[in-house]
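Undergrad: here is my input; please provide its structure:
(2 chains)
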Amino acid sequence: MPLNAEHEIHRRRRSRNVGLAAVLACFVALVFGLTVVKVQQGDMMEAFDHQPRVSVLPPEQPEAAR
Amino acid sequence: MTDINTYEGAPEAEFRDFVALLKPRVMSLVVFTAFVGLWVAPVDVHPFIAFCSVLFIALGGGASGALNMWYDADIDAVMRRTQGRPIPAGRIDGNAALSLGLILAGFAVMMLGLAANWFAAGFLAFTIFFYAVVYTIWLKRWTPQNIVIGGAAGAFPPMIGWACATGGISIESLLMFALIFFWTPPHFWALALFMKSDYHEAQVPMLTVTHGRPATRRHIFAYTLVLAPFAIWLGLTSVGGPIYLAASVVLNALFIHGGWQILRRSEDAALADGYAVERRVFKLSLYYLFLHFVALLAQNLWGTW
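TA: Predicted structure coming up:
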């Protein structure tokens, strides 16, 4: 059996590590893409506290204009 | 050298072993039917949200596949067809598969809720529960009707796709469910007729084992008859049209004819030609389902009723 600096086991571990890295990178891209689309569609929820975003709500009519 | 040799007895998993846990071939059916369900729904969905929704439905399907492989590792080790799967082959520990399945299931449901809506997410959660617990843990080893009821899990994806777009259920999505639900038993029983020794050795109560092969042949024919009206009815709803209806009538005639041929054959005749008819009908059943959903897509592009 020849002695190799890299054993079969290292190749298998690398395939897992690279695979997981690719999955995580795809997940980041996916969440970013979803965020962009949701904001473009005018979703009014702020993610951090689940409150409507004041800046996109229709302005309140002043009392006199009603 | 000893330390290297000890590793050789227990091969470590590669990335593709984890992918295999998710049953990619079953996933392809889930992706396709969920996509069609979403596409033909009467509500427009942003393409990126549609892509993400189908992806998360597929991941949910993959999660239930991993849970199924975790629970069925003992059966898989006996059956020739499944001996090479990662858990029976010793490449992945059963607990690792269980963790992957549970985490992925939770992840897929949460992400589908955020991407599409929470009705679709709840539906996906129910589907995973149905496949992993109701089918795999309760029914599969207990009743020969296992695949009839378990087939429901495979029939939910187009309904979830439809729910992603519309946020609910309607007659069209129920009929897409019925199409896959009634198609599953004849499909799997045709397979069981020519893969006979496998299920027997694993002691899974397949209809061929519990009620005998002539009864299985009668069941296959009966289900092709029950399936046809639902498949054709779908063509009369808002997602149907002449293309789908024509395709459905032809495919159902072929499938019923195949069921009839299976019914008329004796076991001796089947043994003599190596189950040629059963294999042909099994193959036909794959085309049957695929072409029905292709016809739905084509009809949608061409314009429905």
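
Undergrad: where in the stretch 51-200 of chain B is pLDDT low?
TA: Scanning the stretch 51-200 of chain B with the threshold set as pLDDT under 70 gives B:197.

Undergrad: actually chain A, not the one I wrote
TA: Low-confidence regions of chain A, defined here as pLDDT under 70, cover residues A:1-3, A:43-51, A:53, A:55-56, A:63-66.

Undergrad: going along the chain, name the helices of it.
TA: Ranges of helices within chain A are A:8-40, based on DSSP state H.

Undergrad: how about the residues of the stretch 1-150 of chain B that lie near chain A?
TA: B:1, B:4, B:7, B:11-16, B:18-19, B:46, B:48-49, B:52, B:55, B:114-115 (C-beta under 8 Å from any C-beta of the partner chain). Every residue, glycine included, has its C-beta placed from N, CA and C.

Undergrad: quickly find the element holding the residue lying closest to B:A96 once chain neighbours are set aside.
TA: Residue nearest to B:A96 in three dimensions, not counting chain neighbours: B:A13, with 7.9 Å by C-beta to C-beta, 6 or more residues apart in numbering or on different chains. With the criterion set as DSSP states H and E, no secondary-structure element contains B:A13; it sits in neither a helix nor a strand.

Undergrad: residues in contact with the residue of chain A found nearest chain B?
TA: Nearest to chain B in chain A, going by C-beta to the nearest C-beta, is A:G19, at a distance of 3.1 Å. Each residue near A:G19 by C-beta atoms under 8 Å, 6 or more residues apart in numbering or on different chains is listed here: B:F15, B:R16, B:F18, B:V19.

Undergrad: tell me the most packed of these, by neighbour count.
TA: With neighbours set by other C-beta atoms under 10 Å in any protein chain shown, the maximum within the contacts of A:G19 is found at B:F18, which has 22 neighbours.

Undergrad: secondary structure element holding that one?
TA: Under the criterion DSSP H and E, the helix or strand holding B:F18 is helix B:15-21.

Undergrad: tell me the mean pLDDT for that helix?
TA: The average pLDDT for helix B:15-21 rounds to 94.

Undergrad: contacts for the helix or strand that that helix is followed by, please.
TA: The C-terminal neighbour of helix B:15-21 among helices and strands, as given by DSSP H and E, is helix B:24-40. Applying C-beta under 8 Å, 6+ apart, the external contacts of helix B:24-40 come out as B:45, B:50, B:53-54, B:57-58, B:61-62, B:65, B:154, B:157-162, B:164-165, B:172-173, B:176, B:180, B:239, B:289-290, B:293, B:296-297, B:299-300.

Undergrad: can you rerun that using 7 Å?
TA: The set of residues external to helix B:24-40 that reach it, using C-beta atoms under 7 Å, 6 or more residues apart in numbering or on different chains, is B:45, B:50, B:53-54, B:57-58, B:61-62, B:65, B:157-162, B:164-165, B:173, B:176, B:180, B:239, B:293, B:296-297, B:300.

Undergrad: now, the residues you listed that are in helices?
TA: Assigned to helices by DSSP H, the following of the contacts of helix B:24-40 qualify: B:50, B:53-54, B:57-58, B:61-62, B:65, B:157-162, B:164-165, B:173, B:176, B:180, B:293, B:296-297, B:300.
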